[in-house]
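K.L.:
give me a model of this one.
(chains A and B)
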Protein chains: 2
Amino acid sequence: MPINVALLGGGIFAVDAHLPALAKSGTLASLEAVWSRSESSSTKAAEAWKSLTGQEVTKYSETGCDNLDKLLSREDIEAVIIALPILSQPDIIVRALKARKHVLSEKPVSQDVTSATKMLKDYQENYQAQGLVWRVAENWEVEPAHIFAAQALKAGHIGNLNTFSISSVLFVDNEDNKYFETEWRKRPQHQGGYLLDAGVHNAGVLRTVLPSPITHLSAHTALNNEHLPPYDWLSVITRSEPNNIHGQILIDYGARGREPMWELRLTGSDGEIYSEDINDDGVDSIKVQVRSGKFGRTNREIKIFPKTGVYEEQRRFFEAIAGKPDEYGSVQGALNDVALIQAALTSNGNEVALNILK
Amino acid sequence: MPINVALLGGGIFAVDAHLPALAKSGTLASLEAVWSRSESSSTKAAEAWKSLTGQEVTKYSETGCDNLDKLLSREDIEAVIIALPILSQPDIIVRALKARKHVLSEKPVSQDVTSATKMLKDYQENYQAQGLVWRVAENWEVEPAHIFAAQALKAGHIGNLNTFSISSVLFVDNEDNKYFETEWRKRPQHQGGYLLDAGVHNAGVLRTVLPSPITHLSAHTALNNEHLPPYDWLSVITRSEPNNIHGQILIDYGARGREPMWELRLTGSDGEIYSEDINDDGVDSIKVQVRSGKFGRTNREIKIFPKTGVYEEQRRFFEAIAGKPDEYGSVQGALNDVALIQAALTSNGNEVALNILK
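P.N.:
Numbers count the residues shown, from 1 in each chain, chains lettered A, B, ... in the order given. Purely as a prediction, here's the structure:
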């Protein structure tokens, strides 16, 4: 039996990413309703769904009587996918849980560690015991490319992990970038602006690939482009106790003069894993190279994975509802991602222990 | 008139780098003598010189009467090039200056900031006024590739510099690396081991290319290979007051599983400069790409420079003796390089202001 689901949010990512992934979900789920604050967005989402699948879907918005309360009161809807601005999500997550819906909410789990911790506690005390699933949609965490890299590392193909580096460079353009045009991103009220919003993706990847979590970091922030307040650049060095893995993180969303790039390097005692974003015949993909032995020359495996993270996170959400939970998508994990970014934003060059944020 | 010079040191770098550069120096200088502690090294150096140039050179060593004192007492010798282990240099630099010889001594200027500061003060008070030149042979500082990058930046080809990153990855092998086989490198008595010895090269490059010096840094060290004590890995984040340039430095001499690489990235408000080590038809070279405009796409200039830093530093030394000093090779600059590495080695993840080390 497919799980009846509603999509809350009619913004860019809801329409461009969640709807196509839902359209691929086959017998796992059935989209029954879409909701957005404005009727126009709700209509746009319903139309997008129709053009993807040929199917009609019920529209809800806050302009008429068919509002969110109405949607949440429908007993036939078992789950909601929430893709809303960062500061709008917490309230709606709680409303959905109260209405006894399973929830998949977009990353970051919340705007800061304090509020995320409170939400997690509330979920654990009041809803988890009732069997309600709440997962955070951190799609990078479940990209098959990163899971493959994690498995290659775990299998010992590059020896023990000594160090890593992850670099995400992307110029958020104020001329022709659809994400920039959303008001909540343009004038962010949440800490860090894009560095939180998109920065947690990199924290999510590290959670998937690293054999143990980062425990300490030091960082600097900078603002290199006035249209990207409060910061568009973040540089972090990390270490992990007790296993002594060290790393570097660079998040640069304001490198106007540079080509966009994303790369991850896992340097082991006997090889390295190198992952990078590529465009493979028009398909956004991740190329992973596992190079074993001295200088990585003994054995080399190259694999290209199309990016399917949004489909993956939805699939795992629906399977968890059906009783097959896995290690991904956890609220605690998403909270740790926010903690990493928050620590980096407040470090000012000095070491911060990640556990003190909780 | 060529300047009469003696080479002090018969080790690998003296023979493999300084002698060939001297052979190229034409009418600027004339090698008159070589000295090494052991007679065998002294002989090896003299033989190397003969095979390079066909010329005989007087040999000195500490095993006979023709020792360093004898060499330094020769009035016809005006200058010495010192290429000795880090802890052996200070004493011999002072002896050479006392004997009224101009000095080009190998990097690092000394093992730490305290001793380097003392040596600089001694030079300024007692020898500089006599017209004696003392420069530090930091060959990366004067590589034509880096001077070209510095000029392109200064000319505004990538707008204002916002951030930089420099990465030096090289596995110091314990199996077939000639440098590793020298006892003073194998069991280093100086701080940081290879991280000081070779790490200062990267500090030297940054001195050449950055429009203003680094003022603050935070760093981590690690030892990933037991044969490379005390550390083989160094990760640094930096900032500069008051102009707000930020950077990342990675020095990894123990990445057994990775191909060696060296790269420098200067990210500007309107372009980037990307330099990397390459092998160009068997010649160790540096490729520099200057990419201007949005995403670096407006204009692109690519230049390949064979590495000629040792020749360059010698040439500038001889020209300075002849009365044409330049902005490179300064003892103060070399001291700043040691300060940067020393600060990084002692940071433990917390911010260190570079001026407090002086």
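
K.L.:
and the next element down the chain from the helix or strand bottoming out on mean pLDDT in chain A?
P.N.:
Lowest by mean pLDDT, DSSP states H and E among the helices and strands of chain A is helix A:183-186, with a mean of 80. On the C-terminal side of helix A:183-186, the nearest following helix or strand under DSSP states H and E is helix A:194-197.

K.L.:
can that following helix be found next to chain B?
P.N.:
No - Helix A:194-197 does not reach chain B (C-beta under 8 Å from any C-beta of the partner chain); its nearest approach is 13.6 Å. Just so you know, the C-beta spots here come from the backbone N, C-alpha and C atoms, and that holds for glycine as well.

K.L.:
for residue A:160, see how far away residue A:89 is.
P.N.:
Per C-beta to C-beta, to the nearest Å, residue A:89 is found 39 Å from residue A:160.

K.L.:
the two: which has the busier surroundings?
P.N.:
Taking other C-beta atoms under 10 Å in any protein chain shown, residue A:89 and residue A:160 do not tie; residue A:89 has more neighbours (24 against 14).

K.L.:
I figured the more buried one hits residue A:103, correct?
P.N.:
No - counting by C-beta atoms under 8 Å, residue A:89 does not reach residue A:103; the two are 9.7 Å apart.

K.L.:
quick check: neighbours shared by the two?
P.N.:
Common neighbours of residue A:89 and residue A:103 (criterion: C-beta atoms under 8 Å, 6 or more residues apart in numbering or on different chains): residue A:82.

K.L.:
in the least confident helix or strand of chain A, what's buried?
P.N.:
By neighbour count on 16 or more other C-beta atoms under 10 Å in any protein chain shown, the buried set for helix A:183-186 is A:184-185.

K.L.:
that helix packs against which elements?
P.N.:
Using 3 or more C-beta pairs under 8 Å, 6 or more residues apart in numbering or on different chains; DSSP states H and E as the contact criterion, helix A:183-186 has no neighbours among helices and strands.

K.L.:
is the host helix or strand of residue A:217 positioned near chain B?
P.N.:
Assigned by DSSP H and E, residue A:217 falls within strand A:216-222. Yes - using C-beta under 8 Å from any C-beta, strand A:216-222 reaches chain B at A:216-220, A:222.

K.L.:
how about the residues of the stretch 101-250 of chain A by chain B?
P.N.:
By the rule C-beta under 8 Å from any C-beta, the part of the stretch 101-250 of chain A lying against chain B is A:158-159, A:162-163, A:165, A:171, A:216-220, A:222, A:224-225, A:233, A:235-239, A:244, A:246-248, A:250.

K.L.:
tell me who's in contact with the residue nearest the centre of chain A.
P.N.:
By C-alpha atoms, centre = their mean, chain A has its centre lying nearest to residue A:138, at 2.5 Å. For residue A:138, the contact set (C-beta under 8 Å, 6+ apart) comprises A:107, A:200-201, A:204, A:313, A:329, A:333-334, A:337.

K.L.:
just the ones of these in helices?
P.N.:
In this view, the contacts of residue A:138 that belong to helices under DSSP state H are A:200-201, A:204, A:313, A:333-334, A:337.

K.L.:
contacts for the strand holding residue A:217, please.
P.N.:
A:192, A:195, A:230-241, A:249, A:340, A:343-345, A:347-354, B:162-163, B:218, B:220, B:237-239, B:244, B:246, B:349-351.

K.L.:
the nearest residue to residue A:277 once chain neighbours are set aside pairs with what?
P.N.:
Distances taken as C-beta to C-beta, 6 or more residues apart in numbering or on different chains place residue A:262 nearest to residue A:277, at 4.0 Å, with adjacent residues excluded. Beta bridges link residue A:262 to residue A:168 when assigned by DSSP bridges.

K.L.:
quick one: pLDDT of residue A:262?
P.N.:
On pLDDT, residue A:262 comes in at 98.

K.L.:
tell me the contacts of it?
P.N.:
Neighbour list for residue A:262: A:167-170, A:276-277 [criterion: C-beta under 8 Å, 6+ apart].

K.L.:
break chain A down into its domains, please.
P.N.:
Per the TED database, the domain ranges recorded for chain A read A:3-139, A:140-308+A:328-353.

K.L.:
just for chain A, where's the confidence low?
P.N.:
When residues are selected by pLDDT under 70, those of chain A lie in A:179-181, A:357-358.

K.L.:
hey, where'd the helices end up in it?
P.N.:
Using DSSP H, the helices of chain A run over A:12-13, A:19-23, A:39-53, A:68-72, A:89-98, A:113-126, A:144-154, A:183-186, A:194-197, A:199-209, A:309-321, A:331-346.

K.L.:
could you dump those helices to JSON lines with distance to residue B:96?
P.N.:
As requested, the helices of chain A are exported to JSON lines (distance: least, C-beta to C-beta, whole Å):
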{"stretch": "helix A:12-13", "distance to residue B:96": "68"}
{"stretch": "helix A:19-23", "distance to residue B:96": "72"}
{"stretch": "helix A:39-53", "distance to residue B:96": "78"}
{"stretch": "helix A:68-72", "distance to residue B:96": "83"}
{"stretch": "helix A:89-98", "distance to residue B:96": "70"}
{"stretch": "helix A:113-126", "distance to residue B:96": "60"}
{"stretch": "helix A:144-154", "distance to residue B:96": "53"}
{"stretch": "helix A:183-186", "distance to residue B:96": "63"}
{"stretch": "helix A:194-197", "distance to residue B:96": "53"}
{"stretch": "helix A:199-209", "distance to residue B:96": "52"}
{"stretch": "helix A:309-321", "distance to residue B:96": "64"}
{"stretch": "helix A:331-346", "distance to residue B:96": "49"}
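
K.L.:
which one of those lies nearest to residue B:40?
P.N.:
Nearest to residue B:40, of all these, is helix A:144-154, at 48.2 Å by C-beta to C-beta.

K.L.:
and that closest one, how far from the chain's centre?
P.N.:
Averaging C-alpha positions (C-alpha atoms, centre = their mean, to the nearest Å) puts helix A:144-154 17 Å from its chain's average.

K.L.:
got it, and stretch A:95-102?
P.N.:
Relative to its chain's centre, stretch A:95-102 lies at 21 Å (C-alpha atoms, centre = their mean).

K.L.:
look up how far chain B lies from residue A:200.
P.N.:
20 Å (C-beta to the nearest C-beta, to the nearest Å).
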